[in-house]
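1. fold the following.
(2 chains)
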Amino acid sequence: MEFLVASSIGVLTVAGVYLVLRLRTFPVILGTSLLSYAVNVFLFATGRLVVNRPPILSDDALSYTDPLPQALVLTAIVISFGMTAVVVMIALGAYLSSNDDHVDDLPEGLTTSDKGEGGA
Amino acid sequence: MSLFLIVALPFLGALLPGLMVQAGRRTCTLMTFLVTATALIGLLTHLPAVLQGEVISAQISWLPSLGLNVNLFLDGLGMFFACLILGIGLLVIVYAGAYLSRDDNMGEFFSYLLLFQGAMVGIVLCDNILMLLVFWELTSLSSFLLIGFWKHLPEGRQGARMALAVTGMGGLAMIGGMLLLGQIAGSYDLSTILQNRELIQASPLYLPALLLILLGCFTKSAQFPFHFWLPHAMAAPTPVSAYLHSATMVKAGIFLMARLWPVLSGTPEWFWIVTSAGLITMVLGAVIALFKNDLKALLAFSTVSHLGLITMLLGIGTPYAAMAAVFHIFNHATFKAALFMSAGIIDHGAHTRDIPKLGGLRTLMPVTFVISAIASLSMAGIPLFNGFLSKEMMLEQAVHTTLWGNPWVMPVLATFGALFSAAYAFRYISHVFLGPERHDYPAHPHDPGFGMWGPPAFLTVLVIVVGVAPFLAEPFVRLVTSAVLGGTAPLPDAHLKIWHGLTPALYMSGIAVVGGLILLAGQRPLARVWDATPRPEAKVIFDGLIARCVSAARRLTETLHDGSLTRYAAILTVTAVIVGAYAWFSGGTSVPTHELIPLSPMPVAGWLLLVSAAGFLVYCHRNRLLALVLMGVIGLVVSIGFNYLSAPDLALTQLSVEVVTIILMLLALNFLPDYTPVESSWPRRIRDGVIALAAGISTSLLVYGMLIRDFPFSSISEFHLANSYKGGGGTNVVNVILVDFRGFDTFGEIIVLGIAALIIYAITEALLNGPVRRTLAKREAEFPLAGDAHPLLMVVITRVMLPVVLMVGIYILLRGHNEPGGGFIAGLIVAIAVVVQYMASGFAWADERQRYPYHTIIGSGVLVAGLTGIGAWFAGQPFLTSAFGYFRIPPMAKFELATAMGFDLGVFLAVVGAVMLSLESFSRLARPARAKVSDHAMDIDPSRSEAATGKIDDPTLGSNGGKEA
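-> Now for the predicted structure:
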């Protein structure tokens, strides 16, 4: 079971990193989402894997899994939705404004701004 | 008055001028004056005690473990400087009130001035060297604002930038030096450090600490080779020059050298570095000053020279030299501030500061003439003025000092410097005021009002009083000197008096004055030679240095960050993998201890599903809709995995977040292209694949390595499990952690979530109010749309389901404390229920029935959560402490009520609001495209199914469904 979780995190990371390295916004967003899954599962796994021991207190439970990573990951999942939404919005705004969904500056756009150096 | 208040007053008062400027210039000046006057009076209440030799201190322990204490102390030296800062501050404020023109923003000016004043008072009163550093940097920043106050002048901006670069760089060096000093002494409190002279001087770190601290002091006090910034800072308004560049800021470095004198001085290193730098600065500054035509430039180089003199005296290291230094600090502050102010008056009256254009002002500006003459004569070192006294002490000391192995070096160079000093002082009188009256002044020169001549006149009174009756100043000078000496040496048995007899110093003074007069006579021919000689121009060198630094920094940045996001990501990933690999191979690992869970068919099936979905996703990510479906699959497997591994709360959260995320992406995909074109070459794809594989494999190894081992030490989770029911009143430990143990964290999270939603809303607004609106309105559908935008079946089902789903949401919310559920999950479920209405029945229909704006819901959620937390205060408990109890209302069973439920309700509302506001914003983007708004949810438009020409009617999933059709 441990191997399955570890390798799943690895697979999610491979897919996530590969997509993040693409040139258009949409795959990059998918990549970051995959990386969020990987990170969330990773954080969750720091509490070690336990089957059938939910952290719900009861008299006949023998033991419990570690609740703390779960609490942290729960908020992380919700926050990652907020983050994804903002990134998607920015990507959408950029695409609608320029009709271009590249994540990188175009070669001719590579000018260094000298505005800050006025009067030197 | 408390020392804290004295330091805080200027900072607090800095708000006033900005507010009072509306009430008129006079009121604004008065308020600023009152702030400083209050601080000065507060300070003077301590004067009797300080004169008795007491040291007053005040302490607040802030982070004692880090040595960060807000400790202040006031001894003779601190009192002296604080009086100087606040006293001259008062005069400068009066002067500035008259000096600033109507076009200048007086409120802004006085705010900066008070800010600076507070920082300076902080430096001289604080007892903790870390805090001193903060104040030190604050003076650099506030002086930057003051020097560049006239933003329209390029010289002002450049001068401010140069001053900031030089003093800021010195400040950085000083941080290093102070940290070293604190390390050696084992404390960051000055009072402790000052007791550890032997320990510090014996330490191998003494020299680096000394060098770094001196770098800070020399840059601040404009010592060679860092003297060049001060003349360029003269582009500042004259009150700033009078305040910062004669009396206060440039003396900060000197203050620090005096403050640390007991522990740093007395070593050969100190003597050589400080004395040499001071001597060179003194001579160089004096020589350059003689040839400057701009009045303020002349005064600036003269200041450089005098600062060099004081530095040199501190470097010599004898008690007598220290006493001379202290006395000269005071004398220089009085006559130099008066001179700067008089230069401002001349500039104001004659509209020029250029000496060749002046002359003969004696009769036109009699008052200014008298003031300038007294101050200049004091600067030249003429008897009966205070400058004479301290200069003689300096010369006396020079006679007895051997520098660079030769007893003649010091006296000769000191006399040489004094000679030039006398010459430029005489020049200030002669070339500006004496000589024939001219007819070509740029403006008609006249004496100003009292506001401008009063402050320098007051200073010249001090010049004469101290000059004629030095015994009046003696007790104070002795007190300050003993504070500088700090008990390391006995107070010198010298007295301040005009006549010491026929000493070598008197002859040297005589030579200087006579030589100065001769030099003045030959100034004009000499100046022609001086102008013809090539000299290194500090500004050119500095600008060149800065330009090289900038281009080097730019090259580095452009290599790493060339605007390509993929490149940053690749660099980041590769670096992380390399660093991780290094740690992996260089560190040791413990023996695996954790008992592994045996495999069973279900997890293997889930794993296969996840791996193949991820593989397919990478393979066909170019088809964006398909990629989204695969994302959904992965999300579902992850949530099932959470459930299997004893995390029901996570499973529920992941499931519901998955739904809203996919809806969100679909909404975005409505506008984005459906297909990602092939752009990257094969080598590039292989490179990315290798990077991704390296990252994935190392992550897997790391996770596996972690999972097969137990915790190296016991975790705090035991505490949570043990206290969840006892302390938090809930059996769902995850929920209790969220709303109780780590409630403050959660409170922050919902605020972040709300802000994220508001950002999305703001971007939408910006887009809709910009040129994008037209683009959106012109959008054509790529595919034929479905005829029934709002399918009957879906509309009916969603509406029937709505109350049920809402009920489930409330149930999940209420039971969350004891069973899986809670505010986050309930919020997501309810949000899904509402979103489905938008999808099924259309935006217009749903929007019409939405009575509460989503912003309000987010805000009320945060408010409810916050108020619940504050409620604990009324029970005398800290923020967010929860209370709970069990109640029975017949005929219901016993049930629990906990304040945590109120908090969870806040979480719930914030999540609903945030999710809905985000999704609604995306939908609103499609509104401009809406040609006709359909009122009826269940309309059918037969024309739409025929051609692809129809405009996109609805932004929600309904139209996406149409695309698929």
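2. now chain A, which segments are flagged as low pLDDT?
-> A:105-120 (pLDDT under 70).
3. what about the helices in it?
-> Counting by DSSP state H, chain A has these helices, from start to end: A:2-20, A:25-45, A:67-98.
4. how far off centre is the longest one?
-> Going back to what we said before, that points to helix A:67-98. With CA atoms, centre = their mean, to the nearest Å as the basis, helix A:67-98 stands 8 Å off its chain's centre.
5. now do it: which elements does it pack against?
-> Contacts defined by 3 or more CB pairs under 8 Å, 6 or more residues apart in numbering or on different chains; DSSP states H and E place helix A:67-98 against helix A:25-45, helix B:648-669, helix B:717-728, helix B:733-736, helix B:743-768, helix B:772-777, helix B:823-841, helix B:899-924. Bear in mind the C-beta positions are built from the backbone N, C-alpha and C, glycine included.
6. mind doing that once more with 7 Å?
-> Here helix A:67-98 touches helix A:25-45, helix B:648-669, helix B:717-728, helix B:733-736, helix B:743-768, helix B:772-777, helix B:899-924, going by 3 or more CB pairs under 7 Å, 6 or more residues apart in numbering or on different chains; DSSP states H and E.
7. thinking again about what came up before, out of the helices of chain A, the one nearest B:Met631 is which?
-> helix A:25-45 (6.2 Å; CB to CB).
8. okay, the angle between that closest one and helix A:67-98?
-> 170 degrees (axes from the mean of the first three to the mean of the last three CA atoms, to 10 degrees).
9. circling back to that earlier point, please work out which of the helices and strands packed on helix A:67-98 is packed deepest.
-> When you average the neighbours per residue for each of these (mean count of other CB atoms under 10 Å in any protein chain shown), helix B:733-736 leads with a mean of 31.
10. who touches that helix?
-> A:55, A:57, A:67, A:70-71, A:74, B:649, B:720-721, B:724, B:728, B:730, B:816-817, B:822 (CB atoms under 7 Å, 6 or more residues apart in numbering or on different chains).
11. coming back round to it: now the helices of chain A in a markdown table, with distance to B:Ser590?
-> Output for the helices of chain A, formatted as a markdown table (distance: least, CB to CB, whole Å):
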| stretch | distance to B:Ser590 |
| --- | --- |
| helix A:2-20 | 16 |
| helix A:25-45 | 18 |
| helix A:67-98 | 20 |
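12. can you tell me which of the ones you listed is most buried?
-> Ranked by mean neighbour count under mean count of other CB under 10 Å, those are led by helix A:2-20, which reaches a mean of 24.
13. quick check: the nearest residue to B:Tyr675 once chain neighbours are set aside vs A:Gly16, distance?
-> Of all residues not flanking B:Tyr675 in the chain, B:Arg622 sits nearest, at 5.9 Å (CB to CB, 6 or more residues apart in numbering or on different chains). Distance from B:Arg622 to A:Gly16, counting by CB to CB, to the nearest Å: 17 Å.
14. how many residues are close by the residue of the stretch 151-300 of chain B at minimum distance from chain A?
-> Nearest residue of the stretch 151-300 of chain B to chain A: B:Pro154, at 4.3 Å (CB to the nearest CB). Other residues lying near B:Pro154 total 13 when counted by other CB atoms under 10 Å in any protein chain shown.
15. then B:Asp531?
-> Counted with other CB under 10 Å, the neighbours of B:Asp531 add up to 10.
16. ok, and the closest non-adjacent residue to it?
-> B:Phe291 is the one closest to B:Asp531 (CB to CB, 6+ apart), at 7.4 Å.
17. before we move on, what about B:Tyr112?
-> Nearest non-adjacent residue to B:Tyr112, counting by CB to CB, 6+ apart: B:Leu145, 4.6 Å away.
18. and the one you found, how far from chain A?
-> For B:Leu145, the distance to chain A equals 17 Å [CB to the nearest CB, to the nearest Å].
19. over to B:His431?
-> The spacing between B:His431 and chain A, counted by CB to the nearest CB, is 32 Å.
20. that residue contacts B:Leu361, correct?
-> No. Here B:His431 lies out of contact with B:Leu361, judged by CB atoms under 7 Å, at a distance of 10.1 Å.
21. the more surrounded of the two?
-> B:Leu361 (24 against 21).
22. tell me where chain B has strands.
-> With strands called from DSSP state E, chain B shows them at B:56-63, B:68-74, B:884-887, B:895-898.
23. quick one: closest of those strands to B:Gly635.
-> strand B:895-898 (31.9 Å).
24. other SSEs contacting that closest one?
-> Checking 3+ CB pairs under 7 Å, 6+ apart, strand B:895-898 ends up next to strand B:884-887.
25. pLDDT on the strand it packs on, on average?
-> Taken as a whole, strand B:884-887 carries a mean pLDDT of 78.
26. next one: stretch B:50-64
-> Taken as a whole, stretch B:50-64 has a mean pLDDT of 82.
27. quote the end-to-end distance of that stretch.
-> 28 Å (CA to CA, to the nearest Å).
28. among the helices of chain A, which comes closest to B:Gly308?
-> Nearest of the helices of chain A (CB to CB): helix A:67-98, 55.9 Å.
29. OK, contacts around B:Lys894?
-> By CB under 7 Å, 6+ apart, the contact list for B:Lys894 reads B:886, B:888.
30. give me the phi and psi for it.
-> Per-residue torsions, B:Lys894: phi -60, psi 140 (degrees, to the nearest 10).
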